[in-house]
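A.B. asks: need a structure here:
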Amino acid sequence: MTTPRTSPRTFIDFFVPGVPVQEGNIAFGNGHSYHREGDRLKTWRESIAVLALEATRRPMLPHVMDWAIWTGPVELHLSFTYKVRTKRDYDQPKVTRPDLSKLVRAVEDALTGVLWVDDDQITVLEASKNYVEEDWKPGLNVNAMLVKT
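C.D. replies: Numbering: from 1, shown residues only. From the prediction side, this is the model:
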């Protein structure tokens, strides 16, 4: 088993189509806890990870342990986009659910071990959730860069 090496790429930019799913909606029932969006969240995180790997042009083989992941500080910009419901919503911030911080957490967790070793490496974070034009796809725009130290 080899240790991860530093990536020669210092900037990643990709789009994840689909309705963003938040992390953290835990419900309790019958003596157990479960995530209300469990299946949707798992699919959403997997989509993020796969598209991140495609953006880095690395092999998507789970047994390859020498993927080049970032080990230094990371700057992360996330833009969550949703289909406009009414004309007045167009190009407006989305001030309703889901919670932005829970959306961010799902992305951070999905990219841990894919782009960076741990999400505590994120030193700059910018995130937004907005409505987009009817002909645009809902989803997530990700821009991440390794911060030079």
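A.B. asks: quick one, longest helix in this structure?
C.D. replies: Counting residues, the longest helix found in the chain (DSSP state H) is helix 38-56.
A.B. asks: surely Leu78 meets Glu126?
C.D. replies: Yes: at 7.2 Å, Leu78 and Glu126 qualify as touching, with contact defined as C-beta atoms under 8 Å. To be clear about C-beta, it is placed using only N, CA and C from the backbone, and glycine gets the same treatment.
A.B. asks: those two - which one has more neighbours?
C.D. replies: Comparing Leu78 with Glu126 by other C-beta atoms under 10 Å, the one with more neighbours is Leu78, at 20 against 11.
A.B. asks: can you tell me the helix or strand for that one?
C.D. replies: Element membership of Leu78, judged by DSSP states H and E, is strand 74-83.
A.B. asks: in that strand, which residues are buried?
C.D. replies: Under the neighbour-count criterion of 16 or more other C-beta atoms under 10 Å, strand 74-83 has Val74, Leu76, Leu78, Ser79, Phe80, Thr81, Tyr82 buried.
A.B. asks: so the helix or strand harbouring Glu126 versus strand 74-83, what angle?
C.D. replies: Following DSSP H and E, the helix or strand that holds Glu126 is strand 122-132. Angle, strand 122-132 to strand 74-83, by axes from the mean of the first three to the mean of the last three C-alpha atoms, to 10 degrees: 10 degrees.
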